[in-house]
Every structure is written in structure tokens, then in C-alpha cells.
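Colleague: 3D, please:
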Amino acid sequence: MHVGRVRRITKVGEARRSSVHSNAHGDPARCKAVPAVTALVTVAQLKRGTARSVAMTKSLAPPLAAAAGCCFVPLALAAAPAAPALVESGRISPGDTAWMLTSTALVLMMTIPGLALFYGGMVRKKNVLAVLMQSFAITCVVTILWWLIGYSWAFTPGAFVGNASRALFNGMAVLKDSSQLTVSHLAPTIPESVYAMFQLTFAIITPALIAGAFADRMKFSAMLVFIGLWSLAVYCPIAHWVWEPTGWLASKGVLDYAGGTVVHINAGVAGLASCLILGKRLGYGREAMAPHNLTLTLTGAAMLWVGWFGFNAGSAGAADGRAGMAMLVTQLATASAALSWMCAEWISNRKPSVLGIASGAVAGLVAITPASGFVGPTPAVVIGLVAGGVCFFAATSLKRALGYDDSLDAFGVHGVGGIVGALLTGVFASKAISGLDGSVIAQLWGIGTTVVYGFTMSALILKAIDATIGLRVTEEQEREGLDISLHGEQVE
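Modeller: Residues are numbered from 1 along each chain as shown. Have a look, this model is predicted:
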């Protein structure tokens, strides 16, 4: 998530933009008149700071700086931090910060209440409160784990995971007297506190998505333990590999702008492991298990759609043109996927459904996520059309053929949609937009690694929990409903 632009840094009160244009144009003598102006291109601002983007940053920075009308200072590149660092507050962009604060709120809204309502409407009435409770509790658990060590493991330099320098958010500071504060090397124009909070919202929604696969049958205590262990053992390492410059998948050129691999494939395969190990719901395939309230589901889907603009456009880390393009392609892919799913269902079942068009929209949001900062409008429509049809097939025919009980299609929509989006990112990535070429081979590396590691680790965690405290509620509790049996409440 992940920044991509050249930025002029100007000390407060010095060298307004107009004077930069009149004084610079690469003339060293003239640059002395505006010593505060440099062109700062960070490693991470093309694509999470891979070796590939380092080379491109160095080659693009001088001409871009000249085109911007300022003198390029090579030392600015060397000064770009490779880890969270303390900087002068004048380097912070108010516009970028305002947009990232807004994006953070939008992404948190995706989980509570967006995903909670989306999932809550799809289960039977006797389990709706249990599903809402899962989303809310996951938000709380992951927040504390992110403060404890998760942020540090995901977004500081390191090999398998990052170091512990930001454990308990240690070192994250705002120093009023000296006019300094810390920034992440991945988003150097906003406070580190904002960046950490933005990334927290991604860490929250990812395990919350998994809950759709095991709805109606996992013990609440087991769910809390699983989500906590999974967040640290699976989410943080994969986020580090893909998004941190020292991550090994980043060095292979894997493109994931906003979480197609880290969030959706990751959650999807964990969901598949969950439903396979837990087994089917009682009566699955024999009893009707229709959604109890599609009004809630459609409302939740609408909240997800709106919140996803923070998810994808916010992943620019700035209020700039790339953020605007990410927002546009998100809208296009979502609409085309919703229509694609609707038409496929219309042909298959003779009627288009509310659940179908809502599910199609989510499939489009999932598929465009990895591509949103790398593709233009027409490829976005193609990605949406493909994702809608493929995810419809995965959530219906494929699930029936293989016989697994993915309750709310976490794998069929997020796992499969994420794979579709990641592959098509390799096909359609535009160098003109991002400065990077796509590679299907590199994308396959990212997909394969996430599927194998994510599924294996999820299965091991689930098996360990099952062997200790147990995973599944009793048959009596499941028939009574989790609202009453686990939480002592029910919807009248």
C-alpha cells in the first residue's frame, strides 16, 4: 500500500512552488537560491521498495525532478530512510495526512459494521449475533496484537519478519518542542502513527474475512485463539514479504498494491483450511440454510464498496493522481464484476438475485485490489468481468463438485477473486502508471507462496487448537444456535 510519486520538500516559509518553477530547471547555480528544495523519491514510492524499484527510482528521479522545475540533489535519495525515522514536522503533507486519516476510517468501517452486516445477513437468524460478535471481537484482539508486536514484525526491516524496534509502538513519537515526529519509510509524508493505524485496519479485516468460512460452527474461544495466532504467524510474515522492502517476495517483483495476495488470497486459503478441518454444518446439503436478512447483507456490501475506496485509493499513501486512478478503477471493476455475476446467475438460475449482485460486487473489489495502483480503466473493466464470472463458478459449481462447506464463500470470493486479480495484475500492469512492468511469473510466485504457507500454517494452528481446547461447538449448541448457546442472547 504504497506510494508512488516525486515530492518536493520545502521548509516552512521558504521557496513557494512559484519560486521553484522560476528558479530551478536543473541549474546548480540557481539552486543555491532555494537550498531547501530537493526532489525526494523514496524507494517505497514506486512499489514497496524492491531492488527493482530502487534502480527505477534512481533512473527516474533526475528527469522527474527537472520536469517538476526543481534541482535534483542526489543526496536526497541517499537520505531517504530505509526504516521508520524521526523527521522535521515540516516534511509532513497536510493533504496526504488528511486523506490517509479519512482512508483509515473508511477501511475500519469495512469491518465494523460493513463486513459484520454483510456476513450477518447471510447466516440463519439463530447465528446472526454470533457473526456480528466475531467481527467486533476480532477488531479488538488484532488491535492489541498490532500494538504488541504485529506492526513491528510486518513493517520494519528484517529477514523472515521485521525486527522488534516498534514493539509496543516503541519509538513512535510526536515531539512538539523540537517540531519532529516519526514517519515510516513506506509513507514518508504522513506521521507514522497514521500509517500504523492505516495498516492496522488491513490487519483487522483480513482475519475477519476468514470467519465467513467457519460461520455457524466454531467455538468463540477457539476463534479468538485461532485469530490471534494466525495474525502473528501468518498475516504479519506475508505482509512483510510482500510490502516491506526487505521482504523476499518484494525482491522478486511481486505486485500487490492494496492486498490481493496479503489480504484476500491469504484469508481465502485460511478459510478453506478452516472449513475442511471443521467439517460441514449439521444438515448441510439436506436442510435449507437461506440467508435470514438480505437487507443487512446489501447494506453491508454497500459499506464495503464505499470503504474500499480507502482500501485501494488510500494505499497510495498520498492524495495524488495515482490515488485518483486507484479510486476510478475500483469503481469500474466493482460495477463490471457485479453485472458479470448477475448475468451468470440469471443465465444459470433464470433469476438475478440480490445476494448474487452483492457477491459479485465484492468479487470485483477483491480482484481489483492488487491491480488498483497499476492498471488503467479498460483493464479494470476486464478484471471485473473475469472475476465476477469466475467467482460465481467457484462459489456455486466448484463448491458443490468438491463438497466442502465454505459457509459464506470466503474462499470462493476472496481466495479465488484474489488469485484472479493477482494474475491479471501481472498481465495488465502499466509502466506508465506505476513505473513498473508486470510479470505473470512473479505473480505466480506470490500466489503460490501465499497458498502453500497460508494453508499449511492455518491447518497446523487449527489442528493444535482442536487437540487442546477443541474447535467445534457441540451438536446440541449448533442446533440451538450460537447466539443463545455461546452468548446467551438472541434476535427477536
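Colleague: And the helices in the stretch 201-350 of the chain?
Modeller: 220-230, 236-243, 248-251, 266-278, 294-312, 321-349 (DSSP state H, counting those that start in this stretch).
Colleague: Reformat the ones you listed as a markdown table; add mean pLDDT, distance to residue 135 and mean neighbour count.
Modeller: Placement of C-beta: from N, CA and C, glycine included. What follows is the helices of the stretch 201-350 of the chain, written out as a markdown table (pLDDT from 0 to 100; distance: least, C-beta to C-beta, whole Å; neighbours: other C-beta atoms under 10 Å):
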| stretch | mean pLDDT | distance to residue 135 | mean neighbour count |
| --- | --- | --- | --- |
| helix 220-230 | 98 | 11 | 19 |
| helix 236-243 | 98 | 20 | 26 |
| helix 248-251 | 95 | 29 | 20 |
| helix 266-278 | 98 | 13 | 27 |
| helix 294-312 | 98 | 10 | 21 |
| helix 321-349 | 98 | 21 | 21 |
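Colleague: got those helices as TSV, with distance to residue 470 columns?
Modeller: Shown next, in TSV, are the helices of the stretch 201-350 of the chain (distance: least, C-beta to C-beta, whole Å):
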stretch	distance to residue 470
helix 220-230	7
helix 236-243	26
helix 248-251	35
helix 266-278	11
helix 294-312	30
helix 321-349	37
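Colleague: closest to residue 387 out of these?
Modeller: helix 321-349 (4.8 Å; C-beta to C-beta).
Colleague: in the next helix or strand after that closest one, what's buried?
Modeller: The helix or strand immediately downstream of helix 321-349 is helix 354-368, counting by DSSP states H and E. Using 16 or more other C-beta atoms under 10 Å as the test for burial, helix 354-368 gives 355-368.
Colleague: ok so, going back, tell me which of the helices of the stretch 201-350 of the chain approaches residue 136 most closely.
Modeller: If you check each of those against residue 136 by C-beta to C-beta, helix 220-230 wins as the nearest, at 11.6 Å.
Colleague: Check what contacts that closest one and list those residues.
Modeller: 130, 133-134, 137-138, 141-142, 145, 207, 210-211, 214, 218, 270, 274, 457-458, 461-462, 465-466, 469-472, 482, 486-487 (C-beta atoms under 8 Å, 6 or more residues apart in numbering).
Colleague: I'd like to know which of those are part of helices.
Modeller: Using DSSP state H, the subset of the contacts of helix 220-230 located in helices is 130, 133-134, 137-138, 141-142, 145, 207, 210, 270, 274, 457-458, 461-462, 465-466, 482, 486-487.
Colleague: Write a ChimeraX command that selects only the buried members of the residues you listed.
Modeller: Only the buried members of those enter the following ChimeraX selection, criterion being 16+ other C-beta under 10 Å:
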select :130,133,134,137,138,141,142,145,207,210,270,274,457,458,461,462,465,466,482,486
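Colleague: one step back: which one of the helices of the stretch 201-350 of the chain lies nearest to residue 186?
Modeller: Across those, residue 186 has its closest neighbour in helix 236-243 (7.3 Å, C-beta to C-beta).
Colleague: what packs against the closest one?
Modeller: Applying 3 or more C-beta pairs under 8 Å, 6 or more residues apart in numbering; DSSP states H and E, we find helix 236-243 packed against helix 151-155, helix 192-210, helix 248-251, helix 440-468.
Colleague: hey, which of these is tucked in deepest?
Modeller: Sort the helices and strands packed on helix 236-243 by mean neighbour count, taking mean count of other C-beta atoms under 10 Å, and helix 151-155 sits at the top with a mean of 28.
Colleague: Quick one: distance of that helix to the chain centre.
Modeller: Helix 151-155 sits 15 Å away from the centroid of its parent chain (C-alpha atoms, centre = their mean, to the nearest Å).
Colleague: elements contacting that helix?
Modeller: On a contact count with 3+ C-beta pairs under 8 Å, 6+ apart, helix 151-155 meets helix 192-210, helix 236-243.
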